[in-house]
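# Curious how this folds, go ahead:
(one chain, ligands or ions: 1)
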Amino acid sequence: MKVTVVDHPVVAAKLSALRDETTSTPGFRRLVDDLVTLLAYEATRSVSVEAVEITTPITTTTGVRLTSPPPLVVPVLRAGVGMLDGLIRLLPDAEVGFAGLVRDEETAEASWYADRLPEDAAGRAVFVLDPMLATGGTLVAVVEVLLSRGAESVTCVCLLAAPEGIDRVQASFPDDNVSLVVAAVDDRLDERSYIVPGLGDAGDRLFGSASGSGG
Ligand code: URA
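I've put the predicted structure just below:
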């Protein structure tokens, strides 16, 4: 797995504001949106394009367009949904699937409750959105399904990662067809498998607690 930690002062400043416990829900949503668009610039660097003839007001020339089939974007419910707009702003033709996994608060293991992914993902470049790479259990489960359905490449876009989570995903997917783009790698997980220093529960901070806690 190729890991890219986006080292950029604007990303670092927005991430610091995101971590701040006094940041309001509207402010948090806005910051996530901005950060994802910045991360998406890196995450889409290898998206495949083909040559296309275009006519400018001056002359004809050769440009590029994204190849078909279009990329597939997969937010992991629920917190990944807060990252969706920021990514499809850059890839407006992308199709969207959803992965619903819930983390057992005792064991920190993830189990599926909604699989809204294509049965056939052959040849697709897939972008999985999950703000927090903590234990890695959720991402491993989602990436396994996508690869088993033929995805050509899977790029995981996360805001924060714990070293433990990166190690687990890396061990599961040693090849270059899986990548991770992340704004920062934090120190560790705590005893509840929360990222330290982290930003708390990303789903709660994005959506409040009305839709249930966890993810
Ligand atoms: N999920 C979160 O929302 N926060 C963490 O720190 C870890 C997992």
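# For the protein, what lies in contact range of the ligand?
Residues of the chain found near the ligand (CB under 6 Å from any ligand atom) are A79, M132, A134, Y194, I195, G198, D201, A202, G203. Heads up, the C-betas are built off the backbone N, CA and C, glycines and all.
# Narrow the residues you listed to those in helices?
For the residues of the chain next to the ligand, membership in helices holds for A202, G203, with DSSP state H as the criterion.
# The residue nearest to T37 when sequence neighbours are not counted in helix, strand or coil?
By the measure of CB to CB, 6 or more residues apart in numbering, the closest residue to T37 outside its immediate chain neighbours is G86, 4.5 Å from it. G86 falls in the helix class when you classify it by DSSP: H, G, I helix; E, B strand; the rest coil.
# Please name the residues that touch G86.
With CB atoms under 8 Å, 6 or more residues apart in numbering as the criterion, the residues that contact G86 are V32, D33, D34, L35, V36, T37, A40.
# Check T67 too.
Taking CB under 8 Å, 6+ apart as the definition of contact, the neighbours of T67 are S48, V49, E50.
# Can you tell me the number of residues neighbouring G198?
A count of nearby residues for G198, using other CB atoms under 10 Å, gives 20.
# re earlier: from the residues of the chain next to the ligand, list just the buried residues.
Of the members of those, the ones counted as buried by neighbours, 16 or more other CB atoms under 10 Å, are A79, M132, A134, Y194, I195, G198, D201, A202, G203.
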